[in-house]
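Student: give the three-dimensional model of this entry:
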Amino acid sequence: MSFDVSGDSYDRFMGRYSQRLAPAFADFAGVENGQRVVDVGCGTGVLTEELARRIGADHVAGADPSPMLQAAADRVPGADLQQASAEQLPWSDDSFDAALAQLVVHFMDDPVEGANEMARVTRAGGVVAASTWDFAGGGMELLRTFWQSVRALDPDADSETSPLGDRGRLDALWRESGLQDVETEALEVSSEYEDFDELWSSFSRGVGPAGQYLLSQAPERQEAIRAEYFTRVGEPAGSFTLAGRAWAVRGRVP
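Tutor: So this is what the prediction gives:
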């Protein structure tokens, strides 16, 4: 899946949730002062910034294959940021105390190899952690409502799903990668919108599968999806809040 969009477009669509998720995810991974940590699939640098706040930018690295890496560089000067995929991280073995991947593993071309690479660059006893939205349980209201609206108009439309948006599958991936002491936990976040126009304009920026699907549709179909979505969120006249639930998994390198 391509994320050839501006950092601002991503932040207005999903970054607003990532900013709420990052502190909880860093807590879950046990990130603390004195560690060296890599943010795999760092995107616009939302998690990178949280890591730098905790341990200093000079102790943080990040990798992302997309143009959004520039936004991360602007956000976190001094971090070691590299344009690279999760499956081919450009650091040597045992380089970090922890490797984290926030909302990334379900977009990896090869999640098994991505998890293996995260473990490779992490020292023995270090933490490897990832988080994904709860796609299986419909726990990400922003996306769930969009695809419900799409299928109401076209029952055969492909929706944004991933087997790794399931707690059990995410747990299994970490165990199959040879990580030890594997644990999973639900992380709850939310985002407030000033009005429905603010929400809908974020979809029109073409971010991720939902945004790309919307822009692939004719204008009249886009408007029909918008109307259906508006109804499903209660036809808000002012501000409103949408909730999101992510599954987080962590394990230790043997």
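Student: check contacts around the residue nearest to Leu242 when sequence neighbours are not counted.
Tutor: Nearest non-adjacent residue to Leu242, counting by Cβ to Cβ, 6 or more residues apart in numbering: Glu141, 4.3 Å away. Glycine gets a C-beta too; all of them are placed from N, C-alpha and C. Residues in contact with Glu141 (Cβ atoms under 8 Å, 6 or more residues apart in numbering) are Leu242, Ala243, Gly244.
Student: what subset of those residues is buried?
Tutor: Among these, those scoring as buried are Leu242, Gly244 (criterion: 16 or more other Cβ atoms under 10 Å).
Student: can you redo the contacts of Glu141 as TSV with pLDDT and distance to Arg250?
Tutor: As requested, the contacts of Glu141 are arranged in TSV below (pLDDT from 0 to 100; distance: Cβ to Cβ, whole Å):
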residue	pLDDT	distance to Arg250
Leu242	97	26
Ala243	96	23
Gly244	96	19
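Student: can you tell me which of the contacts of Glu141 are in strands?
Tutor: Judged by DSSP state E, the subset of the contacts of Glu141 located in strands is Leu242, Ala243, Gly244.
Student: can you pull the contacts of the residue lying closest to the second one once chain neighbours are set aside?
Tutor: Closest residue in space to Ala243, ignoring its immediate chain neighbours: Ser190 at 4.7 Å, by Cβ to Cβ, 6+ apart. Ser190 is in contact with Arg20, Thr241, Leu242, Ala243, Gly244, counting by Cβ under 8 Å, 6+ apart.
Student: so Ala99 makes contact with Val40?
Tutor: Yes: using Cβ atoms under 8 Å, Ala99 is in contact with Val40, at 5.9 Å.
Student: can you pull out the low-pLDDT segments for the protein?
Tutor: 1-6, 160-163 (pLDDT under 70).
Student: residue ranges of the helices in it, please?
Tutor: Along the chain, counting by DSSP state H, helices occupy 7-10, 16-29, 46-55, 69-75, 111-120, 141-153, 167-176, 196-203, 208-215, 219-232.
Student: could those go into CSV alongside distance to Glu183?
Tutor: Below are those laid out as CSV (distance: least, Cβ to Cβ, whole Å):
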stretch, distance to Glu183
helix 7-10, 29
helix 16-29, 9
helix 46-55, 19
helix 69-75, 28
helix 111-120, 15
helix 141-153, 25
helix 167-176, 8
helix 196-203, 33
helix 208-215, 28
helix 219-232, 34
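Student: so what's Pro23 up against?
Tutor: Pro23 makes contacts with Glu50, as judged by Cβ under 8 Å, 6+ apart.
Student: what about the spatially closest residue to Gln19 that is not a sequence neighbour, how many neighbours?
Tutor: Spatial nearest neighbour of Gln19, chain neighbours left out: Val46 (5.4 Å); criterion: Cβ to Cβ, 6+ apart. Neighbour count for Val46, taken as other Cβ atoms under 10 Å: 27.
Student: so Val46 touches Arg20, yeah?
Tutor: No: judged on Cβ under 8 Å, Val46 makes no contact with Arg20 at a distance of 9.5 Å.
Student: ok, and the closest non-adjacent residue to Asp39?
Tutor: Spatial nearest neighbour of Asp39, excluding adjacent residues (Cβ to Cβ, 6+ apart): Gly62 at 4.1 Å.
Student: and that neighbour, what does it touch?
Tutor: Contact partners of Gly62, counting by Cβ under 8 Å, 6+ apart, are 38-40, 42, 45, 48, 69, 72, 76, 79-82.
Student: and which of the residues you listed is nearest Pro219?
Tutor: Ranked by distance to Pro219 (Cβ to Cβ), these are led by Leu69 at 32.7 Å.
Student: from Phe146, how far out is the closest one?
Tutor: Leu69 sits 26 Å away from Phe146, going by Cβ to Cβ, to the nearest Å.
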